[in-house]
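# Here is a sequence together with a model predicted from it:
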Amino acid sequence: MTAAHPAARDELLDWGLITLEEQPGGVPGIRDPKHALQRRTDQVLAAAEAQVALLKNLPALSAELTRHYEGVQLRTHGGDSVYLDDQAAVNARLQDVVGGARTEILAAQPGGPRDQMLLDKAMARDSVALDRGVEMRTLYRDTVRDHPVTAQYARTMAARRVGRSAQYRTLAGKFERMILVDREIAVVEDHIVAGSPPHAAWVITDPASVAVLARVFHTQWMWARPWMGELRARRGDARDTIGSSTVEGARTTRRQRQIMRYLCNGISQAKTAHRIGVSERKLTAEIAELKALWGVDTMNELIFHWAQSPDQRVDDSAPTDSTAGADTGKGSAA
């Protein structure tokens, strides 16, 4: 039998249930299964104990490797900042920091327009963070308003219908590059080490320093102009002018714009609901959708973002077409 089934024979040998010593008639020698299975049990237990011992040693091994790794990093005397000058190390640490964000990512990017490959990577990474509820605010230099590739990226990320939407603003002039995550970690450019490469960075975890950087970002954010990815208007460019029924970057419906115009004109929510022919509860739900669209919580914030958006320049007296901004509600614009 074993000659006809070599795989079965090898397994029986491995388990110690037979021997190679054949008995009369070509039958292999058979061992006592009780002893054979006991040996097999001892082998399996020994292997399991070795794996458990390895698992128990992993934390200590991790701590030891981390100690050696951090020992070769330049630190401030307080030990709350780590200097990185290797580009691969900087990128890896950024991926870890941003990928571990729980609530918020604040990014100031003064480098100007980004290339397509970099933005494609950023879109995939940022979408994952937004999907898990992380708030993302990015500050760019004003020059990105002239860059179609960066503008398309901002339009896509700012108009997401699933999960959170990203928020963008632009600021004229210079400002410091920084990324802050959860108000706990900051990654900033190096201004200490002489002759450091352009990509060198400091990873800061000191709470006081991170809090100050967050205040700096907040101040710059308040001075900056909201941006939904619309390109800067130029002479003869009909895409961004009043009088056109299509404005690039617009993402609201005719009905939503009608609601915003009523509210901005000081008309109460009760009267607005009556004018567009819905209940106050329905209007409250639609206003909540508009707040979510811009990622804000209050009516004042919503009106501010609306006033800075390309949506408020859409001419809804023009006939409805199939582009963004098509009517999905009742009535005409105020």
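Perfect, thanks for sending it.
# which residues in the chain form strands?
Here the chain has its strands, by DSSP state E, at 18-23, 27-30, 74-75, 81-84, 104-109, 135-141, 167-171, 178-181, 185-189, 201-204, 225-226.
# Deepest in the core, which of the ones you listed is it.
Stretch with highest mean neighbour count among those: strand 178-181 (a mean of 24; mean count of other Cβ atoms under 10 Å). No exception for glycine: its C-beta is placed from N, CA and C like everyone else's.
# Just the CA trace of that one, in PDB.
Provided in PDB are the C-alpha atoms of strand 178-181 (Å, rounded to 0.1, in the frame of the first residue of the first chain):
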ATOM      1  CA  MET A 178       4.900  72.700   8.400                       C
ATOM      2  CA  ILE A 179       2.700  69.700   9.000                       C
ATOM      3  CA  LEU A 180       0.800  69.300  12.300                       C
ATOM      4  CA  VAL A 181      -1.000  66.200  13.300                       C
END
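# Listing partners with orientation, what would you give for it?
Strand 178-181 has its sheet partners listed here by DSSP bridges as strand 104-109 (antiparallel), strand 185-189 (antiparallel).
# quick one: average confidence on that strand?
The average pLDDT for strand 178-181 rounds to 95.
# so how far is it off the chain centroid?
13 Å (Cα atoms, centre = their mean, to the nearest Å).
# Residues in contact with that strand: which ones?
94, 97-98, 100-101, 104-108, 186-189, 210, 213-214, 216-217 (Cβ atoms under 8 Å, 6 or more residues apart in numbering).
# Could I get the full set of helices for this protein?
6-15, 33-71, 87-99, 116-131, 148-158, 207-223, 254-264, 269-276, 280-294, 299-308 (DSSP state H).
# Save these as a markdown table, and put in mean neighbour count too.
Shown next, in a markdown table, are the helices of the chain (neighbours: other Cβ atoms under 10 Å):
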| stretch | mean neighbour count |
| --- | --- |
| helix 6-15 | 12 |
| helix 33-71 | 10 |
| helix 87-99 | 14 |
| helix 116-131 | 15 |
| helix 148-158 | 20 |
| helix 207-223 | 15 |
| helix 254-264 | 20 |
| helix 269-276 | 16 |
| helix 280-294 | 15 |
| helix 299-308 | 16 |
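# export those to JSON lines and tack on mean pLDDT and distance to residue 193?
What follows is the helices of the chain, written out as JSON lines (pLDDT from 0 to 100; distance: least, Cβ to Cβ, whole Å):
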{"stretch": "helix 6-15", "mean pLDDT": "74", "distance to residue 193": "60"}
{"stretch": "helix 33-71", "mean pLDDT": "79", "distance to residue 193": "17"}
{"stretch": "helix 87-99", "mean pLDDT": "86", "distance to residue 193": "13"}
{"stretch": "helix 116-131", "mean pLDDT": "86", "distance to residue 193": "25"}
{"stretch": "helix 148-158", "mean pLDDT": "88", "distance to residue 193": "30"}
{"stretch": "helix 207-223", "mean pLDDT": "93", "distance to residue 193": "17"}
{"stretch": "helix 254-264", "mean pLDDT": "88", "distance to residue 193": "50"}
{"stretch": "helix 269-276", "mean pLDDT": "90", "distance to residue 193": "57"}
{"stretch": "helix 280-294", "mean pLDDT": "89", "distance to residue 193": "41"}
{"stretch": "helix 299-308", "mean pLDDT": "83", "distance to residue 193": "40"}
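# between those helices, which one is nearest to residue 230?
Proximity to residue 230 (Cβ to Cβ) singles out helix 148-158 among these, at 6.9 Å.
# I'd like to know which elements that closest one is packed against.
Judged by 3 or more Cβ pairs under 8 Å, 6 or more residues apart in numbering; DSSP states H and E, helix 148-158 is in contact with helix 116-131, strand 167-171.
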